[in-house]
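J.: one predicted model, sequence on top.
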Amino acid sequence: MAAKEKLVEAITAMDQDFTQWYTDVVLKSELIDYSSVKGCMILRPYGYAIWENIQKNLDNMFKETGHENVAMPMFIPESLLQKEKDHVEGFAPEVAWVTHGGSEKLAERLCIRPTSETLFCDHYSQIIQSWRDLPKLYNQWVSVVRWEKTTRPFLRSTEFYWQEGHTAHATAEEAVEETIRMLNVYADFYRDYLAIPVIKGQKTEKEKFAGAVDTYTVEAMMHDGKALQSATSHYFGDGFARAFEIQYSDKNNKLQYVHQTSWGLSTRSIGAIIMVHGDDNGLVLPPRIAPIQVVIVPIAAHKAGVLDKANELKSELSSSFRVKLDDSDKMPGWKFAEYEMKGVPLRLEIGPRDLEQNQCVAVRRDTGEKTVLKLENLEAEVQRVLDEIHDTLYQRALSSLNSRIYEASDWETMSRMIAEKPGFVRAMWCGDLECELKIKDDLGATSRCMPLEQNSVSSTCVCCGKPATKEVIWGKAY
RNA sequence: CGAGGUGUAGCGCAGUUGGCUAGCGCGCCUGCUUUGGGAGCAGGAUGUCGGGGGUUCGAGUCCCUUCACCUCGACCA
């Protein structure tokens, strides 16, 4: 069929060119458009709706763990940014500066937040006096700006949306506990809402956040075997507290520094959804964050009763699900292809044949499986199928991840794995920066994380052969 | 920021050694018709040829300059 061939051309096949496939999907499914500002993207309604669903569900998890939302300014005075040495060194190269207000040159230039540690710290130094003021468990949903050299939709853009949690605690133990708690929240969120398995781990010294004592990460594997750092959680110790003089009087009336954390998840997670679940027909959205969970396509809508029934189904299902009825005059086949490209988890077809039998035809996006559902008890059936789709997506992603994690105990094996097999390699490391750099320079792989669940692949460093201290997951990353 | 590439209608492209009114497919609009996997017919609209400057009787085409985007590296969520 000629039209079918054209459709195949519309989205580049994954195997043929993965990055082009990604760009095609992102644009054609109308998630984003490029804007006239370099490196900035427009989140279109369909893309923003995904983000809204991510926000809503993740925000609930934050609230359940005792956090409150705030909104900090988007400007940071240069002097404030300068206060923590490592932090400013890490971010200074990629901040945008405001130098004028109207036509007046500012006495002190303001940077547009690349992240808000300094603002939270400054505020905390004002509002924290007593042990009774702790902990402070704040979060904000905002956009930040980082002047990146090259950009890609969702994965790296000049401005991006995220949430950043910033907490202050009385003790190091509490702060460490919070850091791990939020890491687990992210991992659970990825599993339960995005149907994406992640590996929890700690970043190496080289890869950790500017100003952090420890950085934890959840790493996901994309369809092409590359890693995506999917969210991070940082333990700051009292470094920022000392730089910003955030002190409180403890129960013994002694001045103490607070211990802090920060943690973030961005619109990059949408990139993960696309690259983990998508296929050659376009997006495949996990049901719990899909803007449209069920699309109803009437067949022969001009025939008596069809459209009425379709509307009836819509209003019945709308109380429990996000439903769209497409009663436009496009051909049914066009609609099938369109909603498949947009990743709608479940399609219900209702036509004259179904009316007679009091049924509808249900087609799953994840498997393409076509079944007939009776209209009585439809709501429960739809719920069951959506849950099944979620589980299928997760299991599929999990086996894809597991089947592409390899082990290497010597340099030669490691080189071959990285060069020939897209995916992650588990290998031991001595802890020296030199080895980490050599692996990056020679093999093109970076340390993704030191997994929390440590296994011993061998006793010696895969690079230098000296005694190993850590198991590291290596891979090429976005 | 290094190396390479591309800019012509909403999208994808053609446009010969400079030549007349800048074209094709898809999409879009109107009408009829059709509807269980991207329908058909008829009619119609749409361009500062990325921007600026230059050469020329004449520039989409040649020269200079600038901007944007893409791919691969270096850097990050």
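T.: That came through fine.
J.: switch to C-alpha atoms for all contacts and neighbour counts from now on
T.: OK.
J.: quick one: low-confidence ranges for the stretch 1-150 of chain A?
T.: A:1-10 (pLDDT under 70).
J.: in it, what residue is nearest RNA strand B?
T.: Nearest residue of the stretch 1-150 of chain A to RNA strand B, counting by CA to the nearest atom of the strand: residue A:38, 3.2 Å away.
J.: please report how far the closest residue to that residue other than its chain neighbours lies from RNA strand B.
T.: The shortest distance from residue A:38 to any non-neighbouring residue, by CA to CA, 6 or more residues apart in numbering, is to residue A:158 (7.8 Å). Distance, residue A:158 to RNA strand B, using CA to the nearest atom of the strand, to the nearest Å: 5 Å.
J.: pop out the phi and psi values for residue A:158.
T.: Per-residue torsions, residue A:158: phi -60, psi -50 (degrees, to the nearest 10).
J.: that one: what's it in contact with?
T.: For residue A:158, the contact set (CA atoms under 8 Å, 6 or more residues apart in numbering) comprises A:38-40, A:145-148, A:151.
J.: roughly how far does the residue of the stretch 1-150 of chain A closest to RNA strand B sit from residue A:151?
T.: Taking CA to CA, to the nearest Å as the measure, residue A:38 falls 9 Å from residue A:151.
J.: residue A:182 reaches residue A:235, doesn't it?
T.: No - the criterion here is CA atoms under 8 Å, and residue A:182 misses it with residue A:235 at 10.8 Å.
J.: how about the longest helix seen in chain A: buried residues?
T.: Ranked by residue count under DSSP state H, the longest helix found in chain A is helix A:378-402. By 16 or more other CA atoms under 10 Å, the buried positions in helix A:378-402 come out as A:378-379, A:382, A:385-386, A:389-394, A:396-398, A:400-401.
J.: then stretch A:89-106?
T.: For stretch A:89-106, the neighbour count (16+ other CA under 10 Å) marks A:91-92, A:95-96, A:98 as buried.
J.: show me what the longest helix of chain A is in contact with.
T.: Contacts for helix A:378-402 (CA under 8 Å, 6+ apart): A:191, A:195-197, A:221, A:276-277, A:286-288, A:316-317, A:320, A:345-346, A:364, A:366, A:373, A:423.
J.: show me which of the residues you listed neighbour RNA strand B.
T.: Among these, no residue lies close to RNA strand B (CA under 7 Å from any atom of the strand).
J.: now, of those residues, which are buried?
T.: Buried members of those, counted by 16+ other CA under 10 Å: A:191, A:195-197, A:221, A:276-277, A:286-288, A:317, A:345-346, A:364, A:366, A:373, A:423.
J.: take those residues and keep only those in strands.
T.: A:221, A:346, A:364, A:373 (DSSP state E).
J.: quick one: which of those is nearest residue A:329?
T.: The closest of these to residue A:329 turns out to be residue A:346 (CA to CA; 20.6 Å).
J.: tell me what that closest one is bridged to.
T.: Per DSSP bridges, the residues bridged to residue A:346 are residue A:294, residue A:364.
J.: next: residue A:262.
T.: Under DSSP bridges, the beta-bridge partners of residue A:262 are residue A:166, residue A:234.
J.: for burial, what's the neighbour tally of it?
T.: The number of residues packed near residue A:262 is 25, by other CA atoms under 10 Å.
J.: what number of residues lie near the residue of the stretch 1-150 of chain A closest to RNA strand B?
T.: By other CA under 10 Å, the residues close to residue A:38 number 13.
J.: distance of it from residue A:29?
T.: In this view, residue A:38 and residue A:29 are 22 Å apart by CA to CA.
J.: do the same with residue A:110
T.: As judged by CA to CA, residue A:110 and residue A:29 stand 37 Å apart.
J.: tell me where the stretch 201-350 of chain A has strands.
T.: A:214-221, A:227-237, A:247-249, A:255-257, A:259-266, A:294-298, A:323-325, A:346-350 (DSSP state E, counting those that start in this stretch).
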